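> Predicted coordinates and the sequence they were generated for:
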Amino acid sequence: MTVPFGAIPLKTPFILAPMAGCTDLPFRLLCREHGAGLCYSEMIDCHGLVAQEHECLELLRTNSAEHPVAMQLYGSDPSVMGEAAAILSEHSIACIDINLGCPMEKVVQKGAGAALMKNPRLAEKIITSVCKNSTKPVTVKIRSGWNQHTITAPEIAKIAEGAGAQAIAIHARTWSDGFTGPIDHGVILQVMKNVAIPIFANGDITSHEQGQALLKKIGCAGVMIGRAALGAPWIFSGAVNQHPSMAYRLKALLRHLELAEIHLAPEPSLSKIRNHAWKYFRGTATGPAIRKQIDATTTYPELRTFIHSLAEQVSRR
C-alpha cells in the first residue's frame, strides 16, 4: 500500500520531521533503514542558499539510498525564497518544503518560520513564489497559529493549497505554546475539512502505536515524528519493540556512527554526535550514568571507543 504525499507515493505514512542540527544525511539514512517513508532535511536559509554559503550547501548532501527526501527552506522574502527553490529544483530531491512553523527566536525575528502564521498575506506570496520557481512538488509545514487568539492554520492551509502546495504537515501547537501543552487535534481536523490535499499530523507522537492510533482516530494521511525519533529510529517500524534491549539500542547507535563516519568527512562533529548518542539510552536504568560518560568525552574517537566498549560489555553478558 502506498500513501500519497502530494505527487510522491510513500510506502508508509510515518515520516521524519525536519529538526535543526539533527536531521542530517546520516540520521535520515538511519531512519529510512528503520522504515521512515520520507525524511526531511534540516531547515535551509534561503539567503544562504542563494549566496552559496558553504554551511547551507552542506545541508544539501543526499544520496539515492535515502530517496525520497524533502529539503526544507525558510525565509520571509518571497523573491529570495523563489530563487532558492529554483536552486533546490536542480537537486535530486522529492520535494521542497516551506517552513511556517519554526518557533526559534532567531528565525521568528526575521519574520520567517512561525511568524508567518500571523501574516497570511506574506505566507501566500512566499508559497506562490516557491511553487512558481520549483520544478519539484511543494509542501508546507505549519503550526496551529501564532497564539491561542490567532489560530490561522485552516486559513493558511487553504492559501497554501490555492498557491500550489501539494501537502501540508501541521504541528498542532501555536508559536506561543512552543513544545509544551496538549496537541490540538481539533485544529488538524479543521485543516483537513478546509483542503483537499493530504494532511500530516505532527506533535507528541512518541511511539509507533501512538502514531497508528492517531491515524485511525482522525483519518489524516500520515504522521510526522520529530523529537521522539532522536535516539529511537525504530519508532518508524511497527515490527520492532518500542522499548528495545540495550543490545538493540547499541546496534542502532553503532550504525548511526558508521553512517556519520561515511558521510561527515573528515570526521563527525563531536557535539552533534554526543547530542544524538545519549538519547539512545533514554528510559534505561543506566541511561543517566551513560550520558555522563558520553558528555565527558573530548574527541570523536574517544566517544566511538566508549560506545564500542559498551557494546562489547553487553555482548559478553
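Nice, I can see it.
> what ranges do the strands span in the stretch 101-250 of the chain?
138-145, 167-174, 199-202, 222-225 (DSSP state E, counting those that start in this stretch).
> Mind putting those into a markdown table with distance to Ala213?
Every residue, glycine included, has its C-beta placed from N, CA and C. As requested, the strands of the stretch 101-250 of the chain are arranged in a markdown table below (distance: least, C-beta to C-beta, whole Å):
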| stretch | distance to Ala213 |
| --- | --- |
| strand 138-145 | 20 |
| strand 167-174 | 15 |
| strand 199-202 | 11 |
| strand 222-225 | 10 |
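> mind giving me JSON lines with those and columns for mean neighbour count, mean pLDDT and distance to Leu254?
Converted to JSON lines, the strands of the stretch 101-250 of the chain look like this (neighbours: other C-beta atoms under 10 Å; pLDDT from 0 to 100; distance: least, C-beta to C-beta, whole Å):
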{"stretch": "strand 138-145", "mean neighbour count": "27", "mean pLDDT": "96", "distance to Leu254": "31"}
{"stretch": "strand 167-174", "mean neighbour count": "27", "mean pLDDT": "95", "distance to Leu254": "31"}
{"stretch": "strand 199-202", "mean neighbour count": "25", "mean pLDDT": "96", "distance to Leu254": "29"}
{"stretch": "strand 222-225", "mean neighbour count": "25", "mean pLDDT": "96", "distance to Leu254": "22"}
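> Which of these sits closest to Cys31?
Closest approach to Cys31 among the strands of the stretch 101-250 of the chain is made by strand 222-225 (8.9 Å; C-beta to C-beta).
> packing partners for that closest one?
Helices and strands touching strand 222-225, as assessed by 3 or more C-beta pairs under 8 Å, 6 or more residues apart in numbering; DSSP states H and E, comprise strand 14-16, strand 199-202, helix 208-218.
> contacting residues around the second one?
The contact list for strand 199-202 (C-beta atoms under 8 Å, 6 or more residues apart in numbering) reads 5, 13, 15, 17, 141, 157, 167-172, 183, 185, 188, 191-192, 214, 218, 220-226.
> cool, the shortest one as well?
With C-beta under 8 Å, 6+ apart as the test, strand 14-16 has contacts from 5, 23, 28, 31, 35-40, 169, 200, 208, 211, 222-226, 229, 235-236.
> one step back: for the helices and strands packed on strand 222-225, which one ends up most surrounded?
By mean neighbour count, with neighbours taken as mean count of other C-beta atoms under 10 Å, strand 14-16 ranks first of these at a mean of 27.
> Look up how far Pro154 lies from the closest residue to Thr180 other than its chain neighbours.
Residue nearest to Thr180 in three dimensions, not counting chain neighbours: Arg173, with 7.9 Å by C-beta to C-beta, 6 or more residues apart in numbering. Applying C-beta to C-beta, to the nearest Å, the value for Arg173 to Pro154 is 15 Å.
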